[in-house]
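**Student:** A predicted structure for the sequence below; I have some questions about it.
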Amino acid sequence: MISDTRSPCDEAVVQSAPDCGSPASGKWVLAATILGSGITFIDGTVVNVALPVLQSELGASVSAAQWIIEGYALILSALILVGGALGDHYGRKRIFLIGSLIFAAASAWCGLSPGINNLIVARCVQGFGAALLVPGSLALISANFDKSRRGRAIGTWAGFTSIAAGIGPVLGGWLIQAFSWRWIFFINIPLAVVLLLITFKYVPESRDQDSTTNVDWVGALLATVGLGGIVFGLIESNTAGLAAPRVIAFLVIGVLGLVAFLFVEDKKKQPMMPLELFRIRTFTGANLLTLFLYVGLGGLLFFLPFNLIQVQGYSPAAAGAALLPFVITMFALGRWAGGLVERYGSKIPLVVGPLIAGAGFALFAVPGSVDHGYWIDFFPAVMVMSFGMAVSVSPLTTTVMGAVEVRHAGLASGINNAVSRTAGLIAVAAFGVVMLFVFDNSFAEKLQAFQLPDDVRQNLLGQSGKFLNIEIPQGITGDAADAIRAAVRDSFVAGFRVVSLVSAGLAVLSAIASWILIDGKKQKGHEDE
């Protein structure tokens, strides 16, 4: 299932799109791929802002809120490489259209969901559609632009998708505030209709004529079972405890699934993730950096909207706009950061960048539960984090692509994309455990200072899984109720501070991985043998 980066626009590859590379078709292809990846990026960022509202309106625990993110991320992480292979074999346009239809239908399902469980299932289906859309975007660009125009096309695509990611939280916050959380999903439908019309009418079909029908479904199934078991076990531990038999069972199933996945991938002739690439030190180092850095980033950004909206009192729109400087910085510095590898080699920016990002993560631990204003409390942390991530991301992409032979660059990029998605998946589950542990201990300690009946205290502690949505028992009013609410907010901030510091520690680990494993020489990429 290894697919190289030769496209129908390259020599010696049979093409089914005779006008491949023409400016007329290229503009429509670019429009379709930007729109296709854009709606998945918007959806990936907008839901975080909606989580506090979803938790309140649907009466969901934090564990259920986690699954709104995790259901989507799990399916996308496990199937993203399979989605690329399906496009190579059955036609990139065809699979892209199918992904668009599934994503649109699942978005409507999400918006109409009557309850939390229904919404989680719909999000899983949405993740399947995204797994066909995301790899299809770059594959269609590669298939329809010749080498002389491909780099500029990919740069344009990357720039517009970054803007889409930035618009997502702001748009979502406004839709939630002005209408309902359901509109963050409904907005996908008209965008998907335009996407389907452009793709169907103007995008040429293309496929890899050397592709076989041997799609690695076994590997995909084992990856889903492995990741799903670990994630389910970690999230379930929030209510049952890590020692609960069902938690241990799911964790064991997850570990065994991942071990089996590695065994199958090592033995399979056409695996979806060729393990031989990880024998390249720089490639391994770049992916370890990705794993550690994006676990830290994903965990921090999952809990940040809860802090902004439910502790600091931000509106959903203001919370969505809080990270806009992050996206603007990433977009503005992307080209400059991409040139750092040519000037200094890979190692220096991939050590320095994560360390700066880690300092930004740590700065999120400074604000307390009293709001001193965005510019004092959160803007410094956002800007330091943004600069560190900007220094890291473009050199990381260049390093991943340059670490392998040119013919495997597309596969290497796909694996790195899957690692970053998996990191976000793991982050939400693992940081939920950390947050609950700190919150539980802090809240229990603070309740000791109150003169409360034992049954009331136990009632409050039993609601820890709701975090900021803990309900004050009847009969507790006035100053006592206010004091308990303050204790809840302070306990959440204590947990958020630990999350921020753990994220900073993971960023330092990513810098260490870069220092030890990544080649310090200036990389120009390998030539095909």
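**Tutor:** Cool, the structure landed.
**Student:** Tell me, how many residues neighbour residue 279?
**Tutor:** Counted with other Cβ atoms under 10 Å, residues neighbouring residue 279 total 8. Where you see a C-beta, it was placed from the backbone N, CA and C, and this is true even at glycine.
**Student:** how about it, what does it touch?
**Tutor:** Under the criterion of Cβ atoms under 8 Å, 6 or more residues apart in numbering, the contact list for residue 279 is empty.
**Student:** what's the spacing between it and residue 231?
**Tutor:** From residue 279 across to residue 231, the span is 28 Å (Cβ to Cβ, to the nearest Å).
**Student:** ditto for residue 244
**Tutor:** 16 Å.
**Student:** neighbour-wise, which of those two wins?
**Tutor:** Legend: neighbour count by other Cβ under 10 Å for residue 244 and residue 231, higher for residue 231 (27 against 14).
**Student:** Assess the claim that residue 412 and residue 399 are in contact.
**Tutor:** No. Counting by Cβ atoms under 8 Å, residue 412 stays clear of residue 399, with 9.8 Å between them.
**Student:** residues near residue 116, how many?
**Tutor:** The burial count for residue 116: 18, using other Cβ under 10 Å.
**Student:** Just list the residues touching it, thanks.
**Tutor:** 54, 58-60, 64, 68.
**Student:** Mark which of those are buried, thanks.
**Tutor:** 54, 58, 60, 64, 68 (16 or more other Cβ atoms under 10 Å).
**Student:** Could you list which of these belong to helices?
**Tutor:** 54, 64, 68 (DSSP state H).
**Student:** want to throw those into TSV with distance to residue 190?
**Tutor:** Listed next are those as TSV, based on distance: Cβ to Cβ, whole Å:
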residue	distance to residue 190
54	22
64	29
68	23
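**Student:** ok, the residues you listed vs residue 45, which is closest?
**Tutor:** Of all these, residue 68 has the smallest distance to residue 45: 13.5 Å, by Cβ to Cβ.
**Student:** before we move on, the earlier item: identify the farthest-apart pair in the contacts of residue 116.
**Tutor:** Longest span within the contacts of residue 116, Cβ to Cβ: 59 and 68, 13.4 Å.
**Student:** ok, residue 83 touching residue 136?
**Tutor:** Yes. Counting by Cβ under 8 Å, residue 83 touches residue 136, with 6.8 Å between them.
**Student:** Name the residues contacting each of these two.
**Tutor:** Shared contacts of residue 83 and residue 136 (Cβ under 8 Å, 6+ apart): 95, 99.
**Student:** what pLDDT does residue 475 get?
**Tutor:** Residue 475 carries a pLDDT value of 74.
**Student:** Please name the nearest non-neighbouring residue to it.
**Tutor:** Spatially, and ignoring its direct neighbours in sequence, residue 475 is nearest to residue 456 (7.8 Å; Cβ to Cβ, 6 or more residues apart in numbering).
**Student:** what does residue 236 give?
**Tutor:** According to Cβ to Cβ, 6+ apart, the nearest residue to residue 236 is residue 247 (5.2 Å).
**Student:** same question, residue 29
**Tutor:** Nearest non-adjacent residue to residue 29 (Cβ to Cβ, 6+ apart): residue 144, at 4.5 Å.
**Student:** Kindly report the same for residue 218.
**Tutor:** Closest to residue 218 by Cβ to Cβ, 6+ apart is residue 264, at 5.8 Å.
**Student:** Ok, residue 202 next?
**Tutor:** Once flanking residues are discounted, residue 202 sits nearest to residue 28: 3.5 Å by Cβ to Cβ, 6+ apart.
**Student:** before we move on, back to that, ok, the residue nearest to residue 236 - contacts?
**Tutor:** Contacts of residue 247 (Cβ under 8 Å, 6+ apart): 233, 236-237, 240-241.
**Student:** Quickly find the element holding it.
**Tutor:** Using DSSP states H and E, residue 247 sits in helix 245-267.
**Student:** right, and residue 153 touches residue 145 too?
**Tutor:** Yes. At 4.6 Å, residue 153 counts as touching residue 145 under the criterion of Cβ under 8 Å.
**Student:** Now do the shared contacts for those two.
**Tutor:** residue 26.
**Student:** which residue ranges form the helices in the stretch 351-500 of the chain?
**Tutor:** With DSSP state H, counting those that start in this stretch, the ranges of helices along the stretch 351-500 of the chain come out as 374-377, 379-402, 409-447, 454-462, 478-517.
**Student:** Show me the one of those helices that comes nearest residue 201.
**Tutor:** Residue 201 lies closest to helix 409-447 among the helices of the stretch 351-500 of the chain, at 26.8 Å (Cβ to Cβ).
**Student:** Okay, buried residues for that closest one please.
**Tutor:** Neighbour count says helix 409-447 has 409-432, 435-440, 442-443, 446-447 buried, by 16+ other Cβ under 10 Å.
**Student:** Cheers, nothing more for now.
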